[in-house]
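Visitor: Okay, predicted coordinates and the sequence, questions at the end:
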Amino acid sequence: MATLVLDRAYFVNVFREMLPFVDEQSEHLQKLDSEIGDGDHGINLTIGFREVTKQLDTIKEEAEDISSLFKKVGMILLGKVGGSSGPLYGSFFMKAGKDVTGKEEVTFDEFCGMLINGVEAIQHRGKAEIGDKTMIDAFQRGVDVLKQDTPEDPVEKFTMFVEAMQEGADSTVPLVANKGRAMRLGERAIGHKDPGAESAWMMMEVFLKQLKKVASA
């Protein structure tokens, strides 16, 4: 099977689709966050990706490579998204592009490496582990899939990645929170899904949808 190559246009299309995604899911994420957090997770992501969309055409022209594209998106999220999700998602995108400096396109394996690096940045910043009821419960399970040698088919593998992340988000429901705002609730957080874990797998599903388009082209 030919190696799947993802060019800068793929990533631009992903970032362009993020705003419709967060707009559609904003109410759902708001509800989750209102149960155990500040209730602003959905609107914060909408504000962040609205600014990304507003600047995307300029970013596309100014970014000399995929690394620069990710860095600029990460910086916008860092500056515009409130709460803990701004620094975490901002760090995720900035670190994800770090190892692809000078590249106009990446292989699927390199793309997986980008995501793994991004998750490491989230862990470094938030100090969370699996079981703490955070987005790491979703991301780490996904990373475990990306690090496997199989399956070889990129779409199949990335589908498994997103599915593992979704399962990770679902696994936060019975947990007591050890990090973030929900930590102050103690056992009252049990029975509620972590909004960050939910938005994490959903965001990666946007990457998956665009990946399927590239693979079928």
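Guide: Arrived safely, thanks for sending.

Visitor: Identify each buried residue in the strand or helix carrying residue 208, please.
Guide: Secondary structure from DSSP states H and E places residue 208 in helix 195-216. Neighbour-count burial for helix 195-216 flags 195-208, 210-211, 214 (criterion: 16 or more other CB atoms under 10 Å). (Each C-beta comes from the backbone N, C-alpha and C, glycine too.)

Visitor: For stretch 100-118, give the mean pLDDT please.
Guide: In this model, stretch 100-118 has an average pLDDT of 97.

Visitor: And the residue nearest to residue 198 when sequence neighbours are not counted, how close does it get to residue 55?
Guide: Excluding the flanking residues, the one nearest residue 198 by CB to CB, 6 or more residues apart in numbering is residue 169, at 4.9 Å. Noted for residue 169: a distance of 29 Å to residue 55, by CB to CB, to the nearest Å.

Visitor: higher neighbour count, those two?
Guide: residue 169 (25 against 15; other CB atoms under 10 Å).

Visitor: mind checking pLDDT for that one?
Guide: At residue 169, pLDDT is 96.

Visitor: Okay, and it sits in which element?
Guide: Taking DSSP H and E as the criterion, residue 169 maps to helix 154-170.

Visitor: by how many degrees do the top helix by length along the chain and helix 154-170 diverge?
Guide: Scanning the chain for the helix with the most residues, using DSSP state H, yields helix 8-36. Helix 8-36 runs at 10 degrees relative to helix 154-170, counting by axes from the mean of the first three to the mean of the last three CA atoms, to 10 degrees.

Visitor: what element comes up after helix 8-36 heading to the C-terminus?
Guide: Following helix 8-36 in sequence, per DSSP H and E, is helix 41-62.

Visitor: Show me what that next one packs onto, helices and strands only.
Guide: helix 8-36, helix 66-80, helix 85-96, helix 195-216 (3 or more CB pairs under 8 Å, 6 or more residues apart in numbering; DSSP states H and E).

Visitor: Most tightly packed of the ones you listed?
Guide: helix 85-96 (a mean of 23; mean count of other CB atoms under 10 Å).

Visitor: Please tell me how far the next helix or strand after that helix is from the chain's geometric centre.
Guide: Counting by DSSP H and E, the next helix or strand C-terminal to helix 85-96 is strand 105-107. The chain centroid and the centroid of strand 105-107 are separated by 19 Å under CA atoms, centre = their mean, to the nearest Å.

Visitor: Fine, thanks again, bye for now.
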